[in-house]
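A.B. asks: Here you go, sequence then predicted model.
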Amino acid sequence: MSTLDPVVLFFVLGVVAGLMRSDLRLPSAVYEFVTMLLLLAIGLKGGVELSRQSLATMAPQMGAVIAMGLTLPLLAYPVLHYAGKLKRADAASIAAHYGSVSVGTYAVVAAYLSSQGIPFEEYMPVFVVMLEIPAIFVGILLVRGRALQQPFSHLAREIFLGKGVVLLIGGLLIGWIAGADGVQPIGKLFFDLFKGILALFLLEMGLITVGQLGDLRRSGLFLVAFAIVFPMFAAMIGGTLGWALGLSLGGTVVMATLAASASYIAVPAAMRMAVPEASPSLSLAASLGVTFPFNILIGIPLYHSAVRLMYPEGA
Amino acid sequence: MSTLDPVVLFFVLGVVAGLMRSDLRLPSAVYEFVTMLLLLAIGLKGGVELSRQSLATMAPQMGAVIAMGLTLPLLAYPVLHYAGKLKRADAASIAAHYGSVSVGTYAVVAAYLSSQGIPFEEYMPVFVVMLEIPAIFVGILLVRGRALQQPFSHLAREIFLGKGVVLLIGGLLIGWIAGADGVQPIGKLFFDLFKGILALFLLEMGLITVGQLGDLRRSGLFLVAFAIVFPMFAAMIGGTLGWALGLSLGGTVVMATLAASASYIAVPAAMRMAVPEASPSLSLAASLGVTFPFNILIGIPLYHSAVRLMYPEGA
Amino acid sequence: MSTLDPVVLFFVLGVVAGLMRSDLRLPSAVYEFVTMLLLLAIGLKGGVELSRQSLATMAPQMGAVIAMGLTLPLLAYPVLHYAGKLKRADAASIAAHYGSVSVGTYAVVAAYLSSQGIPFEEYMPVFVVMLEIPAIFVGILLVRGRALQQPFSHLAREIFLGKGVVLLIGGLLIGWIAGADGVQPIGKLFFDLFKGILALFLLEMGLITVGQLGDLRRSGLFLVAFAIVFPMFAAMIGGTLGWALGLSLGGTVVMATLAASASYIAVPAAMRMAVPEASPSLSLAASLGVTFPFNILIGIPLYHSAVRLMYPEGA
Amino acid sequence: MQTEIRKLLTIVCEGQLESRVVADVERLGAHGYTVTDARGKGGRGVRDAGWDRSANIRIEVVCEAATANLIAAHLRESYYDHYAMILFMVDVEVLRARKF
Amino acid sequence: MQTEIRKLLTIVCEGQLESRVVADVERLGAHGYTVTDARGKGGRGVRDAGWDRSANIRIEVVCEAATANLIAAHLRESYYDHYAMILFMVDVEVLRARKF
Amino acid sequence: MQTEIRKLLTIVCEGQLESRVVADVERLGAHGYTVTDARGKGGRGVRDAGWDRSANIRIEVVCEAATANLIAAHLRESYYDHYAMILFMVDVEVLRARKF
Ligand SMILES: Nc1ncnc2c1ncn2[C@@H]1O[C@H](COP(=O)(O)O)[C@@H](O)[C@H]1O
Ligand SMILES: Nc1ncnc2c1ncn2[C@@H]1O[C@H](COP(=O)(O)O)[C@@H](O)[C@H]1O
Ligand SMILES: Nc1ncnc2c1ncn2[C@@H]1O[C@H](COP(=O)(O)O)[C@@H](O)[C@H]1O
Ligand code: NA
Ligand code: NA
Ligand code: NA
């Protein structure tokens, strides 16, 4: 089979169509629909697995994952601000994006591993949900210090009540309460169709990526370099963490990929409201225009082969 | 498993998100899509079963069900008009809503029974379709007497050609003509995905319900009380009828729930055109803001346990 | 079972609802979504089969099919221009529509054959894709001769980058690269749901068809006659070609139907840009208002029985 | 480029009225209209989309002042009492005045 | 048909601001508003739909001139520096002037 | 609050023209534009959505009068004969006039 997972071919189709200036576009209502299904599906999946685990056993792992979510933006910020000479607000906003995770990238790595027949801890979606948010707070504190422009409550709402987060967390809770049997009847929509829905999502992502190239050109070479190098560096951290937590080979690949991925759903909305002086086009150009395609086309296989070295005995 | 059916958890998620003022919302095109699928699916299901029954045997049951659809609004009207001091038009409009049925509530009770493993007459959807309309005529006659503002033809169109009714009846006819085998190839969309689609529908319903609370506050306590008490009363009538018609325990629970449910698809559209002086927000606040959540959260289990008493021998 | 395939009943429902002036309408985002799924599904199906064939063996058949796509408009044009007294641009535009194919009609004939249990060459979708385009060039040349209004590059983009064509060809390529196994995980969406999605598509097509009747009245009797007679004539050509190429009975019925069908996705968009002086309502009234319903209601069974005569030994 | 003056009449009302209002508009002499979907809030409360139960539409009509007044008067008569609706008018410059 | 003059204030801004701008508009004394979804391009680049991350909205407010100025001034204060936003005003004739 | 006068040019045309018209608008000197989806009816008949084969769009451009006239003239030249299109103009008050 081709080295590219079939769903990724839809991304490529989107990119090509976009570059050739096709008028192809998912209607925004459909793109939103497809995204909602992905978010709910990932949340549900995570919740079901959570209901199988004892929180006690997972607590340490969760702590470590959150710690990573808080650390990554602190590592990204100085690079962006001092090396990259980016305005404080922009540097903090981009740092928040890269400290958080990309749900789409997670879906692709999950598809990648499953089509390679590589198992991974079923509860990984829990980490996806947990990594969404911490980086946002770090990002905001990096700009505002403790002097928040708006009341914190208002801010917390922007963060936790953004629809992306609500669907992820809501799905997680529903999956947790209902458990595997309870979720089974709705699984035909949320789980069986997952890859097909992902394909449509990636088709549109390809078109969106091309749309970012314009802003990218304006944003300069440094940002492009950052959007490729930082994810690889973050992947090392994530991979090491996964290995240290004793995850399987597959789980470690997922962790590396999560660390390497940059948010474009929860974080942009939150930062736009919390740090309006930061240019949204900069962070989106980097995360959508460079990091997302890099990860799903090159990063994931790369992280996979790197992680393989850490697991000499195979899985 | 939790007392709440998983699909109902999506409704709860919608309510919570709405109360917390999340910006979560199904795009209206998607909400419409999801509703259309539910209406068609229920119609198809009913039609397929109809093709299995001999009309002769069903005729009496159908007659009784229609009679109920004509009676309920006549019972609701005086309560609303005299006890509730509501304007004649408003009382009649609300009465029509409560004489008709809620497709969403039917879908939930069907899901509830199936996940409890309680069988019920497969042809129940036929009654859903048949209960949609009679109450509308009663409601209109209650306001206009015989003096209709618009030509009756124009009115009948508003009623029968509203998209909700067209999809229900159209689905019913297609299911009837095509029969079980004929419908099987399209079943993967309309039947297998039913519960997942219902979950999305209920998510949006939760958000819509919260949106009604404002109007509700304005509409006063009496209406809230009516929207809880009348359904329970109607459920007794529906339950008794189901029992008298010799339906199974499950079928009787469905009948009780149908009687207790209030329309928010076919009736609002029709009443808006036929009785424009009636305030649409009053009837929607009651049916969406109170009765729908009451039925799916409390009513259905309640009616179930009540009906159990009528069926000592179990089913 | 009824002579009408169940999916076609949805078309009938749409027509009836439209004629009765129901407000039923698929939201345009949903109609676009459904159409995209059909185009991708057909492309994918074709690509998968292509990956099973040796191009060498298919090349001659492809050549013949393309030749047909180039010939049909040349046959239609004089009839429209001289007999029908249509302006040159209009005649050429309509000719292009009838030289191309209707994806929806293909989906219906495929459903028709499968529900009749009649096998046909799996790679037929390849021909659907290949027949989309040639006629467009012929149509344009018929008006412009070699004197193109716009740079050819710009024109080719309009043709090849119209979203309809992109989805068909893109799906084809993805199916081809990924192959049967690769596509399998996304098959639950694109293949299993195909008929249900087609049903929704046909529902809207019925409504759209009715919308064309107005333009049709204006466009006169000749066009109506052409839209029925030419397809039957084209079906003979297509059928003969299929038979000559040694296709199975089913495959020949498909070929006849493809020849008889008129495009309403790729061609209208392309002609609108390339030959703006041609009235789009004329060609759409003919292809959507007459030919599409004629083919799926009468044509397909007709072509089927005609082809049967060519295959005395059955299949 | 010489232009002429016409009235732009903008109507915002509940979506369910579309077919009726549009029919009125044409009957009263306008040669065309443009409709866009909208949501909003006014005396009758919030009007937000969903199973288009309560979404608004925004109808624009470019026509002669007399026609605009005719339409406005008719709409006020027929709908103001019971339906969510507002309208406003402004003079606009058009090309091809005969079209309007 | 006698009409009165009011201001039509049209605001085009990024969709994420809807709830905030609409709240401001009401707080500053407008009796209603109409919102339509839009896309476009301006100083801050293309704003096209999708996971409504960057779609625009178009808010129309019919109100008294004073209120319109108040709103315009407030919006310029609060949003112009950091958000994609433009606004423009025009006099329109309305019926039922008390509504606005 | 002092404001300046600019032209608001509104174009309603078939959706397929979006990319071309928008390109023209920018080329001819406008600094931005806003597009909303629409449906409607005019000389060329009903234009209703669906596989956006025949939906309309509504393009608004705020710019200097001269630019507006330039654009209007160009559009009439290039599209009026063969495409569904209308346009109208009105003076509007803007803040930040330099933007337009
Ligand atoms: N002052 C206003 N400015 C702009 N739009 C308004 C205004 N008042 C009402 N509307 C619109 O007109 C619709 C109906 O108004 P109403 O009949 O007052 O509920 C509302 O839903 C709004 O979309
Ligand atoms: N000159 C203009 N004419 C019409 N709309 C404009 C204009 N400039 C900006 N816009 C709209 O206002 C939004 C925000 O503008 P800006 O803040 O300049 O990016 C743009 O996305 C457009 O939708
Ligand atoms: N008098 C009018 N008032 C408002 N919109 C119009 C008018 N005439 C035409 N339109 C719009 O412009 C589009 C193209 O007009 P036409 O070229 O006359 O078909 C129509 O589909 C309508 O959306
Ligand atoms: Na990350
Ligand atoms: Na009822
Ligand atoms: Na053909």
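C.D. replies: In hand now; what should we look at? Ligands and ions are numbered 1, 2, ... in the order given.
A.B. asks: Does stretch A:218-229 reach chain E?
C.D. replies: No. Using CB under 8 Å from any CB of the partner chain, stretch A:218-229 stays clear of chain E, coming no nearer than 8.6 Å. Glycine gets a C-beta too; all of them are placed from N, C-alpha and C.
A.B. asks: Okay, buried residues for that stretch please.
C.D. replies: By neighbour count with 16 or more other CB atoms under 10 Å in any protein chain shown, stretch A:218-229 contains the buried residues A:219, A:223-224, A:226-228.
A.B. asks: do the same with stretch A:246-258
C.D. replies: A:247-258.
A.B. asks: Name the helix or strand for residue D:62, please.
C.D. replies: Applying DSSP states H and E as the criterion places residue D:62 in strand D:56-63.
A.B. asks: returning to that earlier point: looking at the buried residues of stretch A:246-258, which are in helices?
C.D. replies: A:249-258 (DSSP state H).
A.B. asks: got these as JSON lines, with pLDDT and distance to residue A:53 columns?
C.D. replies: Output for these, formatted as JSON lines (pLDDT from 0 to 100; distance: CB to CB, whole Å):
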{"residue": "A:249", "pLDDT": "97", "distance to residue A:53": "20"}
{"residue": "A:250", "pLDDT": "97", "distance to residue A:53": "17"}
{"residue": "A:251", "pLDDT": "97", "distance to residue A:53": "13"}
{"residue": "A:252", "pLDDT": "98", "distance to residue A:53": "18"}
{"residue": "A:253", "pLDDT": "98", "distance to residue A:53": "20"}
{"residue": "A:254", "pLDDT": "98", "distance to residue A:53": "16"}
{"residue": "A:255", "pLDDT": "98", "distance to residue A:53": "17"}
{"residue": "A:256", "pLDDT": "98", "distance to residue A:53": "22"}
{"residue": "A:257", "pLDDT": "98", "distance to residue A:53": "21"}
{"residue": "A:258", "pLDDT": "98", "distance to residue A:53": "18"}
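A.B. asks: nearest to residue F:19, of those residues?
C.D. replies: Closest approach between those and residue F:19, by CB to CB: residue A:257, at 36.3 Å.
A.B. asks: Show me which of the buried residues of stretch A:218-229 is closest to ligand 3.
C.D. replies: Nearest to ligand 3 among the buried residues of stretch A:218-229: residue A:219, at 39.0 Å, using CB to the nearest ligand atom.
A.B. asks: show me what contacts that closest one?
C.D. replies: Residue A:219 makes contacts with A:281-282, A:285-286, as judged by CB atoms under 8 Å, 6 or more residues apart in numbering or on different chains.
A.B. asks: Residue E:43 versus that one, what's the distance?
C.D. replies: Per CB to CB, to the nearest Å, residue A:219 is found 16 Å from residue E:43.
A.B. asks: what does residue A:284 give?
C.D. replies: Per CB to CB, residue A:284 is found 17 Å from residue E:43.
A.B. asks: Look at these two and report which has more neighbours.
C.D. replies: Set side by side, residue A:284 and residue E:43 show more neighbours around residue A:284, with 24 against 11, by other CB atoms under 10 Å in any protein chain shown.
A.B. asks: and residue D:14, what does it touch?
C.D. replies: Taking CB under 8 Å, 6+ apart, one finds B:272, D:47, D:54-57, D:83-85 in contact with residue D:14.
A.B. asks: Sorry, slip of the keys, the one I care about is residue A:262.
C.D. replies: Residue A:262 neighbours (CB under 8 Å, 6+ apart): A:97-98, A:100-102, A:227, A:231, A:286-287, A:291-292.
A.B. asks: before we move on, what about residue A:122?
C.D. replies: Counting by CB under 8 Å, 6+ apart, residue A:122 has contacts A:45, A:49, A:52.
A.B. asks: Would you mind giving both backbone torsions of it?
C.D. replies: Here is the backbone geometry of residue A:122 (degrees, to the nearest 10): phi -60, psi -20.
A.B. asks: Redo the contacts of residue A:262 as CSV? Include pLDDT.
C.D. replies: Converted to CSV, the contacts of residue A:262 look like this (pLDDT from 0 to 100):
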residue, pLDDT
A:97, 96
A:98, 97
A:100, 96
A:101, 96
A:102, 94
A:227, 97
A:231, 98
A:286, 93
A:287, 92
A:291, 96
A:292, 95
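A.B. asks: so how far is the strand holding residue D:62 from its chain's centroid?
C.D. replies: On the basis of CA atoms, centre = their mean, to the nearest Å, strand D:56-63 sits 3 Å off its chain's mean C-alpha point.
A.B. asks: Same check on stretch A:251-259?
C.D. replies: 11 Å.
A.B. asks: Can I get that stretch as CSV, trimmed to CA atoms?
C.D. replies: This file holds the C-alpha atoms of stretch A:251-259, laid out as CSV (Å, rounded to 0.1, in the frame of the first residue of the first chain):
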residue,chain,number,x,y,z
GLY,A,251,1.2,5.2,22.5
THR,A,252,4.6,6.9,22.5
VAL,A,253,4.2,7.7,18.8
VAL,A,254,0.8,9.3,19.6
MET,A,255,2.4,11.3,22.5
ALA,A,256,5.2,12.5,20.3
THR,A,257,2.6,13.6,17.6
LEU,A,258,0.4,15.3,20.2
ALA,A,259,3.4,17.3,21.5
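A.B. asks: Check what contacts it and list those residues.
C.D. replies: A:68, A:72, A:101, A:105-106, A:109-110, A:113, A:118, A:120-121, A:124, A:127-128, A:131, A:231, A:234-239, A:241-243, A:245, A:247, A:295, A:299-300, A:303-304, A:306-307, A:310-311.
A.B. asks: Find the centremost residue of the chain, please.
C.D. replies: Since you didn't name a chain, this refers to chain A. Nearest to the geometric centre of chain A sits residue A:102, at 1.3 Å (CA atoms, centre = their mean).
A.B. asks: could you do chain D instead?
C.D. replies: residue D:11 (3.0 Å).
A.B. asks: Name the residues of the stretch 151-300 of chain A found near chain B, please.
C.D. replies: Residues of the stretch 151-300 of chain A lying close to chain B (CB under 8 Å from any CB) are A:157, A:161-163, A:166-167, A:170, A:173-174, A:177-179, A:181-183, A:185-190, A:193.
A.B. asks: Spell out the residue ranges of the strands in chain D.
C.D. replies: Using DSSP state E, the strands of chain D run over D:4-14, D:33-42, D:45-47, D:56-63, D:85-94.
A.B. asks: need the residues of chain D near chain C, please.
C.D. replies: Residues of chain D found near chain C (CB under 8 Å from any CB) are residue D:19.
A.B. asks: Could you list the low-pLDDT ranges of chain D?
C.D. replies: D:1, D:48-54 (pLDDT under 70).
A.B. asks: Looking at it, which residue is nearest chain C?
C.D. replies: residue D:19 (7.2 Å; CB to the nearest CB).
A.B. asks: wait, isn't that residue in contact with residue C:23?
C.D. replies: Yes. Counting by CB atoms under 8 Å, residue D:19 does reach residue C:23; the two are 7.2 Å apart.
A.B. asks: neighbour count winner among those two?
C.D. replies: For residue D:19 versus residue C:23, neighbours defined as other CB under 10 Å are more numerous around residue C:23 (18 against 11).
A.B. asks: how near is the nearest residue to the more buried one once chain neighbours are set aside to ligand 3?
C.D. replies: Using CB to CB, 6 or more residues apart in numbering or on different chains and skipping the chain neighbours, the partner closest in space to residue C:23 is residue B:163 (5.5 Å). Using CB to the nearest ligand atom, to the nearest Å, residue B:163 is found at 24 Å from ligand 3.
A.B. asks: what's residue B:163 in contact with, if anything?
C.D. replies: When contacts are taken as CB under 8 Å, 6+ apart, residue B:163 is in contact with B:36, C:22-25.
A.B. asks: 10 Å - rerun?
C.D. replies: Residues in contact with residue B:163 (CB atoms under 10 Å, 6 or more residues apart in numbering or on different chains) are B:32, B:35-36, B:39, B:170, B:265-266, B:269, C:17, C:22-26, D:51-52.
A.B. asks: just residue A:99 next, same as before
C.D. replies: Contacts of residue A:99 by CB under 10 Å, 6+ apart are A:68-77, A:131, A:133-139, A:234, A:259, A:262-263, A:267.
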